[in-house]
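Novice: Provided below are the primary sequence and the corresponding predicted coordinates.
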Amino acid sequence: MIDYVLLTSFILLTALLVFTLIYKGNRLSYIRMGRGVAIKVFAAGAFVTLLLFALSAANIPESGIDLSNSEEEEQPETLLKEYSYYVQRVVDGDTITVTNPEYDGEMAVRLIGIDAPELDSNQCYSQEAADRVEDLLLGENINLIPDNTQDDKDSYDRFLRYVLLDAVDINELLIKEGYAREFTFITPYERQGRYQQAEEAARSADLGLFSAC
């Protein structure tokens with residue numbers, strides 16, 4: 001709205017200046033028109049121009065608020081800082097323990113939607129999966145994202161979460177690289193389709209445990 005008002009004001013002011021130059025340059029036309037009439041036309045045009053500028057100035061604060069709001073909407077915050085946790089230990093290819101200043105002690109976290117070989121029972125490719133998780137996460141600050149379709153904890157009192165490191169979905173990455181299989185426990189989870197596609201791709205490429213086990 002303000003841009004149109006300013007543009008109109010600029011055009012009108014320019015026209016007035018051109019009008020003045022033309023009639024002052026052409027003395028005969030200026031005389032025919034009459035000096036009084038010319039002054040009245042110029043004064044009326046100047047008044048309208050000033051009025052338009054005043055209206056545009058009055059609307060600037062409101063427009064400024066709208067612009068700032070649109071910027072906030074275009075750049076929403078994701079993965080807020082309160083979800084940041086430090087990876088203290090890697091249990092195996094799908095379980096880690098983390099700490100957080102707001103939580104007393106360590107938290108066991110089970111990665112949603114994946115199943116890696118069990119390290120305790122020395123299953124095929126279990127050591128490789130655990131080593132990969134250590135390389136990715138040990139000593140790192142991560143984001144833990146819950147899934148509304150799943151329980152907060154499993155039967156072993158582990159928090160069920162998506163793990164993100166620098167916005168990378170680690171759950172999905174482990175499947176893509178062949179360190180874990182897609183796993184659905186009773187109720188489908190939100191990212192199930194993506195994880196199943198990741199497993200199909202890893203199987204087709206014979207990656208990791210899909211070729212070794």
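Specialist: All right, it came through fine.
Novice: for the protein, name the helix or strand with the lowest mean pLDDT.
Specialist: Using mean pLDDT, DSSP states H and E, the weakest-scoring helix or strand in the chain turns out to be helix 27-33, at a mean of 46.
Novice: isn't there a strand covering L174?
Specialist: No: counting by DSSP: H, G, I helix; E, B strand; the rest coil, L174 is not part of a strand but helix.
Novice: contacts only, for it.
Specialist: G93, D94, L111, I114, A116, A129, R132, V133, A180 (CB atoms under 8 Å, 6 or more residues apart in numbering). Bear in mind the C-beta positions are built from the backbone N, C-alpha and C, glycine included.
Novice: got the phi and psi for the second one?
Specialist: In this case it means D94. phi -130, psi 10 (degrees, to the nearest 10).
Novice: so what's the residue count around the residue nearest to it when sequence neighbours are not counted?
Specialist: What sits nearest to D94 in space, not counting adjacent residues and going by CB to CB, 6 or more residues apart in numbering, is A116, at 4.2 Å. By the criterion of other CB atoms under 10 Å, A116 has 25 neighbours.
Novice: would you confirm that A116 contacts A180?
Specialist: Yes: between A116 and A180 a contact is recorded at 4.1 Å, counting by CB atoms under 8 Å.
Novice: who touches both of the two?
Specialist: G93, D94, A129, L174.
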